[in-house]
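Q: give me the fold of what follows.
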Amino acid sequence: MAQKKSLRVFLLILILTALTGLILFFAVKGTKKNPSKNPSETSLKVIRETVTNVIEISGTIQAAQTQTLTAAGNGTVTGVYVKVGDKVKKGQVLMELDKSEQEYNLAKHDYDTAQKQINGSPKELELMAYQRKTLEKKLEDRKIKANFDGVVADFTATVGDYLEAKDSVGTLIQRDYLKSYVEVVETDAPKLQSGQKVSCTFPAYGDEKIQGEVVSYPAVGSVTNRGASIVKVEIRIYNPPEIILPNYSFTGEIEISPPENLILIQREAIGFSADKKSYVEVYQQDGSTKQIEMVAIPYDRTYFKVVQGEIPENALLKPQSAPQISGTRPGDFKAGSNSQSQQGSGGVGGFGMPGMGGMPSSGGFGGR
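A: Modelled structure (predicted):
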């Protein structure tokens, strides 16, 4: 009896094992026959990006005008009439040197002229008149005056200092605007135009951008000490913040054209109706698709730019053909711009596409 009972238990275990194996086999087989219908596993994504067309620049900023305050001759400082930060007008006297010697020479010359008017010749009187102008200028040169309306940026002289000719005592600047002469490579020079917008970033001003514009550029290029051919472009910043001072460094961009928002789709997402109009199929939440007519033009060797048609943001598109090239992103094969020109992931205006079976050979896709 014990042997019969053991045999029945063994057979029961064997049958249960066989049934379990069959259940697992059909479960796996059923899974293979019914692959996931999740569209995200086979769909193509819509890519949105902003393309900028700019020329990168860098340099140091300068005041609109700068005057170095220097003594015209030797002498002791007898008058100081300004301090750093003062605003002055054109022609205003900023400092004065001792002028007693010059005043004496002019007075003596006037006395000598009076004597010559009694018994001197007309030629002598004419020469003395010229000499008086020279003496008047020497007297006037004892003063240092402002050449334009501006601000005293630096001033070191005090009353009693002795100065020699050409000694510098300070700086006067005009900051109605700030300017800089930046280098642009010769390949980017044809893109330049007066009035183009410029965005500048100063380390002293954080990440905030300061706006300026292109004012002028010469008709003749120049060569740097590195052997590069460049054009010196004058840019200006009007009404600059007080914190931005002359000789501050900056980086920036000259805007060649306004930023462009692009909608990019892979060529495999484009289908064609019987009347040869192009479309894409957008997956819906229930797994069905909705057909949307659109017009697209080549962007690079993989992507096309949608120029007409409304494609929802974050849409998933149904493939219409097998991929031609894998592992690429927008701009990977795009004709690049010059070294200092940014065009996002490759500039707008891609080149013609190689022939594609079943697709129109014209420059873009869309209704006729």
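Q: report the beta-bridge partners for residue 272.
A: residue 278 (DSSP bridges).
Q: my guess is it meets residue 279, correct?
A: Yes: taking Cβ atoms under 8 Å as the contact criterion, residue 272 and residue 279 are neighbours in contact, 7.4 Å apart. For the C-beta atoms, the positions are set from N, CA and C on the backbone; glycine is no exception.
Q: neighbour count: the two, which is higher?
A: With other Cβ atoms under 10 Å as the criterion, residue 272 and residue 279 differ in neighbour count, and residue 279 comes out ahead with 19 against 14.
Q: wait, isn't that one in contact with residue 273?
A: Yes: with contact taken as Cβ under 8 Å, residue 279 and residue 273 are classed as touching, separated by 6.2 Å.
Q: so for these two, which residues contact both of them?
A: Residues touching both residue 279 and residue 273 by Cβ atoms under 8 Å, 6 or more residues apart in numbering: residue 293.
Q: can you give me the buried ones in stretch 75-88?
A: Within stretch 75-88, the residues scored as buried using 16 or more other Cβ atoms under 10 Å are 75, 77, 79-80, 82, 88.
Q: let me know the next secondary structure element after the helix or strand where residue 69 lies.
A: If you go by DSSP states H and E, residue 69 is part of strand 62-70. Toward the C-terminus, strand 62-70 is succeeded by strand 75-80 as the next helix or strand (DSSP H and E).
Q: pull the CA atoms of that next one into PDB?
A: What follows is the C-alpha trace of strand 75-80 in PDB, where atoms were taken according to Å, rounded to 0.1, in the frame of the first residue of the first chain:
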ATOM      1  CA  GLY A  75      55.000 125.700 -13.200                       C
ATOM      2  CA  THR A  76      53.300 125.600  -9.800                       C
ATOM      3  CA  VAL A  77      49.600 124.800  -9.400                       C
ATOM      4  CA  THR A  78      47.800 127.900  -8.100                       C
ATOM      5  CA  GLY A  79      44.200 126.900  -8.700                       C
ATOM      6  CA  VAL A  80      42.200 123.600  -8.700                       C
END
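Q: residues contacting that strand, please?
A: Applying Cβ under 8 Å, 6+ apart, the contact partners of strand 75-80 are 93-99, 142, 155, 157-163.
Q: pLDDT of the helix or strand where residue 282 lies, averaged?
A: Assigning secondary structure by DSSP H and E places residue 282 in strand 278-283. Rounded to a whole number, the mean pLDDT of strand 278-283 is 94.
Q: so how far is that strand from its chain's centroid?
A: Strand 278-283 has its C-alpha centroid displaced from the chain centroid by 37 Å (Cα atoms, centre = their mean, to the nearest Å).
Q: what is that strand packed up against?
A: The elements that strand 278-283 packs onto, with contact taken as 3 or more Cβ pairs under 8 Å, 6 or more residues apart in numbering; DSSP states H and E, are strand 271-272, strand 289-293, strand 316-317.
Q: tell me the most buried of those?
A: The highest average neighbour count among the helices and strands packed on strand 278-283, using mean count of other Cβ atoms under 10 Å, belongs to strand 316-317 at a mean of 20.
Q: mind giving me the packing neighbours of that one?
A: Short answer (3+ Cβ pairs under 8 Å, 6+ apart): strand 316-317 packs on strand 44-45, strand 278-283.
Q: between the ones you listed, which gets nearest to residue 255?
A: The minimum distance between residue 255 and the helices and strands packed on strand 316-317 falls on strand 44-45, with 29.6 Å, by Cβ to Cβ.
Q: mind checking what helix or strand follows that closest one in sequence?
A: strand 47-60.
Q: sorry, back to before: most neighbours among the contacts of strand 75-80, which one?
A: Neighbour counts for these, by other Cβ under 10 Å, peak at residue 95, which reaches 24 neighbours.
Q: returning to that earlier point: in JSON lines, list the buried residues of stretch 75-88 along with pLDDT and distance to residue 319.
A: JSON lines is the format used below for these (pLDDT from 0 to 100; distance: Cβ to Cβ, whole Å):
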{"residue": "75", "pLDDT": "95", "distance to residue 319": "89"}
{"residue": "77", "pLDDT": "96", "distance to residue 319": "85"}
{"residue": "79", "pLDDT": "96", "distance to residue 319": "86"}
{"residue": "80", "pLDDT": "96", "distance to residue 319": "82"}
{"residue": "82", "pLDDT": "96", "distance to residue 319": "76"}
{"residue": "88", "pLDDT": "96", "distance to residue 319": "73"}
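Q: please identify the deepest-packed of the helices and strands packed on strand 316-317.
A: A comparison of the helices and strands packed on strand 316-317 by mean neighbour count, using mean count of other Cβ under 10 Å, puts strand 278-283 on top with a mean of 21.
Q: how close does the most centrally placed residue in the chain get to residue 209?
A: Among the residues of the chain, residue 253 comes closest to the average C-alpha position under Cα atoms, centre = their mean, at 1.4 Å. Residue 253 sits at a distance of 9 Å from residue 209 (criterion: Cβ to Cβ, to the nearest Å).
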